[in-house]
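Peer 1: dropping a prediction and its sequence here:
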Amino acid sequence: MDYLAMDHQALEAERQRLSAMYEAEKAKGLKLDMSRGKPCSQQLDLSNEMLAIQAFRTEDGADARNYGSFEGIPEARRLFGELLGVCPQQVLVGGNSSLNLMFEVIAAGCRDGFGGTPWDEGKKKFLCPAPGYDRHFRVTEHFGFELVTVPMHEDGPDMDLVEKLVQDPQVKGIWCVPTYSNPDGYCYSDETVRRLAALEPAAENFKIMWDNAYVVHYLEDAPEQTLNIMDACKACGHEELPVLFCSTSKITFSGAGVSALAAGPKTFAAISKAFFPMTIGFDKVNQLRHVLFLKDRAHILAHMEKHKAIIKPKFDAMRRLLREGLADCGAIARWTDPKGGYFISLYTLPGCAKRTVALCKEAGVVLTGAGAAYPYGVDPQDTNIRLAPTYPALEEVEKATQLLCIAVRLAAVEHLLAQ
């Protein structure tokens, strides 16, 4: 039955049927939270043996318990260089949060412009591919940037629009999650990466904020290989354009991992200078513990196989139940089919996302707020919902998805009746 082809009488009958189904779900008293993309306890347990590591001597003989190694211990810089595809000398290893590093990099741009004109001199804008990561948008909003939405496609941001927008000298940078994007799970194509690397922005110190948060978080046989942004930028003579980020937040412990950034020589020197007054050095004991546990990229991928064994059944169940629950009612919803990352993006009929989320919440299932993946938290079409299946148990994912399908259908019927 195609809801979009139904007349008013048929829609009203379907509304009554769905309302009864919804009330039955509501009566179950569910209390499930799928609002954030967090690892579950089973995933965190995979790294527990790391807590028993008590080594404190680094490979160069330094005592990791003491001051020093501002840019990170050598072996940690080498490990993250391997993950990011850059030389270790371009890597600064931080604390547990890559978002904290991003915040401080944006702050540095506002204060001193990485050795150029400070971003805070005059009006400033930042490009925000959407749907995207809400925390990225909050950082630049916090520093007073005007957030400019750029539509996301399956191969990355709309590059025709990006190339046009960067001709404005007020546009200082762009946020990017290139591999298994948050929330769609898309991977940037080689062409998109090359076009980003070839940008000729009007702003002298424009930055590509390259957040490779999910670089090894795959759900298929092997991780996707996104083109190396630093190599692409070097080929264009634009080595100072990107600032790369990653962390172990969803590899080991979300609250006690290690983060890192990398940049071209001039930008790296400017960032180090900006960070130097802030800290004498980050947690080197934790850096060493992570290196001894994770070892190298090959061992990290073997570790991520264990993560995949835990979370892939949850993704598979959600996708299967979305197909089963929404298959016979016409084009009232679509969703992405990610090959990695932490999310599935659900798109309802325009005008139905908020109502769907509200129905789920009233019945005991908390989802990410509709519109959260857009600048200022506003989805102009009110259509996108970010789904996060990793944290709940498999049985909870199944229950939540069954309710979600009823809510999507009910919201769609109500919307069509109102029209």
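Peer 2: Yes, it's here.
Peer 1: which residues sit against the helix or strand Val193 falls within?
Peer 2: Element membership for Val193 (DSSP states H and E) is helix 190-197. The contact list for helix 190-197, computed with C-beta atoms under 8 Å, 6 or more residues apart in numbering, reads 155-157, 159, 162-163, 174, 176, 178, 188, 208, 226-229, 232-233, 235-236, 238, 241-242. For every residue, glycine as well, the C-beta is placed using N, CA and C.
Peer 1: inside strands: which ones of those residues?
Peer 2: Gly156, Pro157, Ile174, Cys176, Ile208, Pro242 (DSSP state E).
Peer 1: quick check: the residue lying closest to the last one once chain neighbours are set aside vs Phe143, distance?
Peer 2: By that I understand Pro242. Excluding the flanking residues, the one nearest Pro242 by C-beta to C-beta, 6 or more residues apart in numbering is Ile208, at 4.3 Å. Taking C-beta to C-beta, to the nearest Å as the measure, Ile208 and Phe143 are separated by 17 Å.
Peer 1: more crowded one of those two?
Peer 2: Set Ile208 next to Phe143 and count neighbours by other C-beta atoms under 10 Å: Ile208 wins out with 22 against 17.
Peer 1: so how far is Tyr374 from that one?
Peer 2: Counting by C-beta to C-beta, the gap from Ile208 to Tyr374 is 20 Å.
Peer 1: can you check His217 too?
Peer 2: 23 Å.
Peer 1: Asn100 and Asn205: what is the separation?
Peer 2: 21 Å.
Peer 1: hang on, I meant Leu244
Peer 2: 17 Å.
Peer 1: give me the element the closest residue to Pro169 other than its chain neighbours is part of.
Peer 2: Leaving aside its chain neighbours, Pro169 sits nearest to Ala202 (4.0 Å; criterion: C-beta to C-beta, 6+ apart). Counting by DSSP H and E, no helix or strand carries Ala202.
Peer 1: one step back: who has more neighbours out of Asn100 and Asn205?
Peer 2: For the pair Asn100 and Asn205, the greater number of neighbours falls to Asn205 (21 against 15), based on other C-beta under 10 Å.
Peer 1: surely the more buried one is in a helix?
Peer 2: No: checked against DSSP: H, G, I helix; E, B strand; the rest coil, Asn205 lies outside a helix; its state is coil.
Peer 1: hang on, it packs against Pro169?
Peer 2: No: using C-beta atoms under 8 Å as the test, Asn205 is too far from Pro169 to be in contact (10.4 Å).
Peer 1: hey, what's in contact with both of the two?
Peer 2: With C-beta under 8 Å, 6+ apart, Asn205 and Pro169 have no common neighbours.
Peer 1: going by neighbour count, list what's buried in whichever strand or helix holds Leu417.
Peer 2: Secondary structure assigned from DSSP H and E places Leu417 in helix 394-418. Across helix 394-418, burial judged by 16 or more other C-beta atoms under 10 Å covers 394, 396-416.
Peer 1: so what's the nearest residue to Asn182 once chain neighbours are set aside up against?
Peer 2: Using C-beta to C-beta, 6+ apart and skipping the chain neighbours, the partner closest in space to Asn182 is Tyr133 (4.4 Å). Contact analysis of Tyr133 by C-beta under 8 Å, 6+ apart lists Trp175, Val177, Asn182, Pro183, Asp211, Ala213, Ala373.
Peer 1: how about Tyr133, phi and psi?
Peer 2: phi -90, psi 120 (degrees, to the nearest 10).
Peer 1: gap between it and Lys308?
Peer 2: Separation of Tyr133 from Lys308 (C-beta to C-beta): 22 Å.
Peer 1: off-centre distance for the longest strand anywhere in the chain?
Peer 2: Scanning the chain for the strand with the most residues, using DSSP E, yields strand 146-153. Distance of strand 146-153 from the chain centroid (C-alpha atoms, centre = their mean, to the nearest Å) equals 15 Å.
Peer 1: show me the helices in the stretch 251-400 of the chain, by range?
Peer 2: Counting by DSSP state H, counting those that start in this stretch, the stretch 251-400 of the chain has helices at residues 265-275, 284-294, 297-326, 353-362, 394-418.
Peer 1: now the angle between helix 297-326 and the last one, please.
Peer 2: With axes from the mean of the first three to the mean of the last three C-alpha atoms, to 10 degrees defining the directions, helix 394-418 sits at 40 degrees from helix 297-326.
Peer 1: which strands or helices does helix 394-418 pack on?
Peer 2: helix 8-26, strand 32-34, helix 297-326, strand 344-348, helix 353-362, strand 365-367 (3 or more C-beta pairs under 8 Å, 6 or more residues apart in numbering; DSSP states H and E).
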